[in-house]
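Chemist: just need the structure, nothing else, for what follows:
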Amino acid sequence: MSQQGGHRRRPRTPGPPRCSIQSFKSSEQYLEAMKEDLAEWLRDLYGLDIDADNFLQVLETGLVLCRHANTVTEAALAFLAEAPARAQRISLPQAGVFCNEAAQPGTFQARDNVSNFIHWCRKEMGIQEVLMFETEDLVLRKNVKNVVLCLLELGRRAWRFGVAAPTLVQLEEEIDAELRRELALPLCLLPSGAESREPLHMPSAILHGQDI
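Modeler: Okay, here's the model as predicted:
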């Protein structure tokens, strides 16, 4: 496993949403807003020079993705040591990923890094296929939507054991907590962060690439 210098961060306080889903005229605009949120999240975590415009370029070598995978794994192992009883109720990654830190954009090494991250998401984090992406989706920009959805799902799952989450994920959890309070439901009866739910209360139009 690459010994990159990530470390566990506690969630930052989410700010107000920039605008509601209804404010976006198309799924492309909503996708752009999600990219902005993810770019801000990665910038806060790792001090990167990243925004919505260069989001894919920063990720395409796989270096940031592998670094984050190893950060998440380290946080999971620390959580297991600190709270073993709680950790038994959560699916935790047991291993990180190897990362070729010399990888350059468009090279086999970069593709290998991205592939290693994808394999880790499937095997160690159990992210369902509908939210996964393939190497070409990122490198050749074939399916940016699923790159974004995968990272948001990863952010949601890792937040359960102490890794800072994107603002959209934090807002989603706040909504679910409010619903539980209003309906007087125990945690187990409202699937906050459950594997079966659609991500981020996202309208089906986003998942299928339609206009809203």
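
Chemist: spit out the contact partners of the residue nearest to residue 141 when sequence neighbours are not counted.
Modeler: Closest residue to residue 141 apart from its sequence neighbours, by CB to CB, 6 or more residues apart in numbering: residue 56 at 6.4 Å. Backbone N, C-alpha and C define where each C-beta goes, glycine included. Taking CB atoms under 8 Å, 6 or more residues apart in numbering as the criterion, residue 56 is in contact with 138, 141, 144, 147.

Chemist: weed out the non-buried ones from the residues you listed.
Modeler: Buried members of these, scored by 16 or more other CB atoms under 10 Å, are 138, 144, 147.

Chemist: for residue 80, state which of these is nearest.
Modeler: Closest to residue 80 out of these is residue 147 (28.6 Å), distances taken as CB to CB.

Chemist: per-residue pLDDT, the closest one?
Modeler: With respect to pLDDT, residue 147 scores 97.

Chemist: renumber starting at 822 from here on
Modeler: Noted, 822 is the first residue going forward, which turns the last one into residue 968.

Chemist: angles on the backbone of it, please.
Modeler: Dihedral pair for residue 968: phi -60, psi -50, per degrees, to the nearest 10.

Chemist: is the residue lying closest to it once chain neighbours are set aside in a helix, a strand, or coil?
Modeler: Nearest-residue entry for residue 968: residue 954, 4.8 Å, with adjacent residues in sequence omitted and distances by CB to CB, 6+ apart. When states are read from DSSP: H, G, I helix; E, B strand; the rest coil, the local structure at residue 954 comes out as coil.

Chemist: burial of residue 954, as a residue count?
Modeler: The criterion is other CB atoms under 10 Å. On that basis, residue 954 has 22 neighbouring residues.

Chemist: surely it touches residue 939?
Modeler: Yes: counting by CB atoms under 8 Å, a contact exists between residue 954 and residue 939, whose distance comes to 6.9 Å.
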